[in-house]
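**Student:** Everything below, folded, please.
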Amino acid sequence: MLPVLTAVPFAAAAEADQSVGGITGSCKWSYDADTLTLTISGTGQMDDYVGAFQTSAPWGSLCFRNLVIEEGVTRIGFCAFQGCVNLTSIVIPENVTSIGTNAFFGCTSLTNIVIPKSVTYLGDNVYYGCTNLRSVVISKGMYLHRNDFAKCPSLTRIVIPEGVG
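**Tutor:** Down below sits the predicted model:
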């Protein structure tokens, strides 16, 4: 007699595991599907990602709305969250010193950004095309590029302290 095998559809198996994760540079990332939250943790710098929207970052196909970057992460990589159109909330801790080029390019659901005073480098086009971005708070000592907030038609409030170049 042959044993009876039961097939479990791949989609059902994937739904059972509500979290995924991996490594980005010297940091770790994890995704919680219940809260739609992507968390970057660890110590040091994230990897850079280059390519079309959502094709090179390992979380590019995930539907997250919240991004939490934990204490210890010092650099957000190039194109790290480019094209994450569902992203509505970002928490960037005080020890992040650098946000890479195109890091949040095309994140059309973002409405508010607070860039901590620890950030001294902001790459080109960081928030380019964030069409629902309404408010930005920038800290002293940061250098801005002319296209960092280009194509942000909803931007009505930007706080730029004296000393920002």
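
**Student:** At the geometric centre of the protein, which residue sits there?
**Tutor:** The centroid of the chain falls nearest to Phe81 when counting by CA atoms, centre = their mean (4.0 Å).

**Student:** ok, now how distant is the spatially closest residue to it that is not a sequence neighbour from Ala150?
**Tutor:** Spatial nearest neighbour of Phe81, excluding adjacent residues (CB to CB, 6 or more residues apart in numbering): Phe104 at 5.3 Å. To be clear about C-beta, it is placed using only N, CA and C from the backbone, and glycine gets the same treatment. Applying CB to CB, to the nearest Å, the value for Phe104 to Ala150 is 13 Å.

**Student:** and if you look at Asp124?
**Tutor:** To Ala150, Asp124 is 10 Å away according to CB to CB.

**Student:** What of Ser61?
**Tutor:** Computed with CB to CB, the distance linking Ser61 and Ala150 is 27 Å.

**Student:** Please identify which of these two sits among more neighbours.
**Tutor:** Ala150 (14 against 8; other CB atoms under 10 Å).

**Student:** That one touches Tyr128, doesn't it?
**Tutor:** Yes - using CB atoms under 8 Å, Ala150 makes contact with Tyr128 at a distance of 5.1 Å.

**Student:** which residues in the protein form helices?
**Tutor:** 10-16 (DSSP state H).

**Student:** Helix or strand with the lowest mean pLDDT in this protein?
**Tutor:** Lowest by mean pLDDT, DSSP states H and E among the helices and strands of the chain is helix 10-16, with a mean of 36.

**Student:** Backbone dihedrals for Thr131, please?
**Tutor:** Backbone torsions for Thr131, taken as degrees, to the nearest 10, come to phi -70, psi -20.

**Student:** count of neighbours near it?
**Tutor:** Thr131: 15 neighbours (other CB under 10 Å).

**Student:** From Ala33, how far out is Thr131?
**Tutor:** Thr131 is 26 Å from Ala33, by CB to CB.

**Student:** now do Gln45
**Tutor:** The gap separating Gln45 from Ala33 is 26 Å, by CB to CB.
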